[in-house]
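Undergrad: following is a predicted model, sequence given first.
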Amino acid sequence: MTTKPNPATERAPEAIAGALLTWFDAHGRHDLPWQHPRTAYRVWVAEVMLQQTQVATVIGYFNAFMAHFPDVHTLAAASNDDVMAHWAGLGYYARARNLHAAAKAIVAEYAGEFPRTVDELMALPGIGRSTAGAIAAQAFGVWAPILDGNAKRVIARLAALEAKPGTSAYEKPLWQLAERYTPRVRVIDYTQAIMDLGATLCTRSRPDCERCPLADRCHAYANGSQTRIPAPRKRAKRPQHETRVLVVMDEANRVLLEKRPPAGIWGGLWSLPEVAVDADISVLCERRLGLSVENVRELQPIHHGFTHFELRIHATRVQAGDRARIMDASLQWFAATARPGVPAPIAKLLDSPQQTLAL
DNA sequence: AAGCCGGGGTG
DNA sequence: CACCCAGGCTT
């Protein structure tokens, strides 16, 4: 059968890249922290932090991370707790776990020198096709397509691709076009340029097509479909969950924290011990923590919204009796001033003046 | 193909 | 409040 040719695929790809690069020289972002200096290690850490996380949010974390883990050897040799603490608040904590594992692999298998091919990069934990392409292109100038959220939006509009995001009918042609448009020269700048265009002009809502260097080649702009491409993803209503955490204080005003299992919500982070909502606190503390408690007091519940569910967190504060001995390695006392990174809502609770952790 | 994984920005 | 963000991994 005959299919209508897609205008975006017919055009000379060099013209797209050329127009984009000319625009980039004048209007692109040239002062992002990971661009100066642009080492493979810094590009890699930045790319992982930037997965599903906005640039403005990442910058502060990136600078702090680099100050503490200046190179891949330092990162590989660090403790998991130290790495997780520097990720606390960023979310998607599997990224930090994978980052640490990948650092160890790069030291062990590559003597600390990053591999330069997409396939080798993709074999490292936490690096998928798009991130591998970004590292290869930006760190080494190796030709490789990227397809992050920005590039997807730009290319989908160029091609007026109406397929539903998340389906292969959407992803496959996008990768094909991403390869076609990626030039053999100036791959570092091109990779940055298409992301910058998506971040500054070809935005999800209210794209500024009047200033777009690709407007005269954009099929969506030509037929006025740019505001409904890509189609929004309908999300199921978020279920409501409840849980309870314990704020256990000892005589020295230290608080008891629990290292969470690697998988699941807040995986690998230290948090307040989580118990059943209707738990008998005294009995539970005696049996699970091996300590007697006094001054059991209910605190103000806090509410936290996740992407896929909402959580109402009840909090019970108790004072640990004498001779409190915590045997479990996943439970540890921490001073308020020297505690590890904890999830954002827990940090908020612990830092809240009204909670007044002191008894 | 669909679900899981966070916290913050934006309209 | 809805939707998204320099996605990847698991099932």
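TA: Received, thanks.
Undergrad: distance of whichever residue of the stretch 201-350 of chain A sits closest to DNA strand C from DNA strand B?
TA: Checking the stretch 201-350 of chain A residue by residue against DNA strand C with C-beta to the nearest atom of the strand singles out A:P232 as nearest, at 3.4 Å. From N, CA and C alone the C-beta is placed, and that goes for glycine too. Using C-beta to the nearest atom of the strand, to the nearest Å, A:P232 is found at 11 Å from DNA strand B.
Undergrad: and A:H219, how many neighbours?
TA: 20 (other C-beta atoms under 10 Å).
Undergrad: the residue of the stretch 201-350 of chain A closest to DNA strand C: which element?
TA: For A:P232, there is no enclosing helix or strand under DSSP states H and E.
Undergrad: grab the nearest non-local neighbour of A:S205.
TA: A:T227 (7.5 Å; C-beta to C-beta, 6 or more residues apart in numbering).
Undergrad: so that neighbour makes contact with A:D208?
TA: No - under the criterion of C-beta atoms under 8 Å, A:T227 is not in contact with A:D208, lying 11.8 Å apart.
Undergrad: how about the residues of the stretch 251-359 of chain A near DNA strand C?
TA: Contact residues (C-beta under 7 Å from any atom of the strand) of the stretch 251-359 of chain A with DNA strand C: A:305, A:307.
Undergrad: ok, 10 Å please
TA: Contact residues, the stretch 251-359 of chain A versus DNA strand C (C-beta under 10 Å from any atom of the strand): A:263, A:303, A:305-308, A:310.
Undergrad: report the two of the residues you listed separated the most.
TA: Largest separation among those by C-beta to C-beta: A:A263 and A:H303, giving 24.3 Å.
Undergrad: now the residue lying closest to A:A94 once chain neighbours are set aside: how far from A:S292?
TA: Once flanking residues are discounted, A:A94 sits nearest to A:G267: 6.2 Å by C-beta to C-beta, 6+ apart. A:G267 is 31 Å from A:S292, where distance means C-beta to C-beta, to the nearest Å.
Undergrad: on that earlier part again, just name the closest of the residues of the stretch 251-359 of chain A next to DNA strand C to DNA strand B, please.
TA: Of all those, A:T307 has the smallest distance to DNA strand B: 3.7 Å, by C-beta to the nearest atom of the strand.
Undergrad: could you report the neighbour count for whatever residue of chain A ends up closest to DNA strand C?
TA: Using C-beta to the nearest atom of the strand, A:G128 is the residue of chain A that sits closest to DNA strand C, at 2.4 Å. Counted with other C-beta under 10 Å, the neighbours of A:G128 add up to 11.
Undergrad: now do the same contact list for it.
TA: Residues near A:G128 by C-beta atoms under 8 Å, 6 or more residues apart in numbering: A:M122.
Undergrad: A:P232 now?
TA: A:P232 neighbours (C-beta under 8 Å, 6+ apart): none.
Undergrad: now the strands for the stretch 151-300 of chain A?
TA: Under the criterion DSSP state E, counting those that start in this stretch, the stretch 151-300 of chain A contains strands at A:240-249, A:254-259, A:270-271, A:274-275, A:293-298.
Undergrad: columns mean neighbour count and mean pLDDT on top of the ones you listed, output as TSV?
TA: Putting those into TSV (neighbours: other C-beta atoms under 10 Å; pLDDT from 0 to 100) gives the following:
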stretch	mean neighbour count	mean pLDDT
strand A:240-249	18	94
strand A:254-259	20	94
strand A:270-271	22	98
strand A:274-275	16	94
strand A:293-298	13	90
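Undergrad: just send the ones you listed back as a markdown table, with distance to A:T203 too.
TA: Shown next, in a markdown table, are these (distance: least, C-beta to C-beta, whole Å):
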| stretch | distance to A:T203 |
| --- | --- |
| strand A:240-249 | 32 |
| strand A:254-259 | 40 |
| strand A:270-271 | 35 |
| strand A:274-275 | 39 |
| strand A:293-298 | 45 |
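Undergrad: mind checking which of the ones you listed is nearest A:V48?
TA: For A:V48, the closest of those is strand A:270-271, at 21.2 Å, according to C-beta to C-beta.
Undergrad: could you point out the helix or strand that follows the longest helix belonging to chain A?
TA: What stands out as the longest helix in chain A, according to DSSP state H, is helix A:94-110. As assigned by DSSP H and E, the chain's next helix or strand after helix A:94-110 is helix A:118-122.
Undergrad: which parts of the stretch 101-250 of chain A are helices?
TA: A:118-122, A:129-140, A:149-158, A:168-181, A:187-200, A:219-223 (DSSP state H, counting those that start in this stretch).
Undergrad: need the contact list for A:I135.
TA: If you count contacts by C-beta under 8 Å, 6+ apart, A:I135 has them with A:40, A:43-44, A:47, A:114, A:121, A:127.
Undergrad: residues from the stretch 201-350 of chain A in reach of DNA strand B?
TA: A:203-206, A:233, A:235-236, A:238-239, A:260, A:263-269, A:271, A:304-309, A:311, A:341-348.
Undergrad: in PyMOL, select just the buried ones from those residues.
TA: For the buried members of those, the matching PyMOL selection, counting by 16 or more other C-beta atoms under 10 Å, is:
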select buried, chain A and resi 260+265+266+268+269+271+304+311+341+342+343+345+346
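Undergrad: distance check, A:D351 against A:V342.
TA: 10 Å.
Undergrad: going by proximity to DNA strand B, name the top residue of chain A.
TA: A:G91 (2.6 Å).
Undergrad: may I have the residues that are in contact with that residue?
TA: Counting by C-beta under 8 Å, 6+ apart, A:G91 makes contact with A:52-53.
Undergrad: just confirm A:R317 is within a strand.
TA: Yes - the assignment for A:R317 is a strand, going by DSSP: H, G, I helix; E, B strand; the rest coil.
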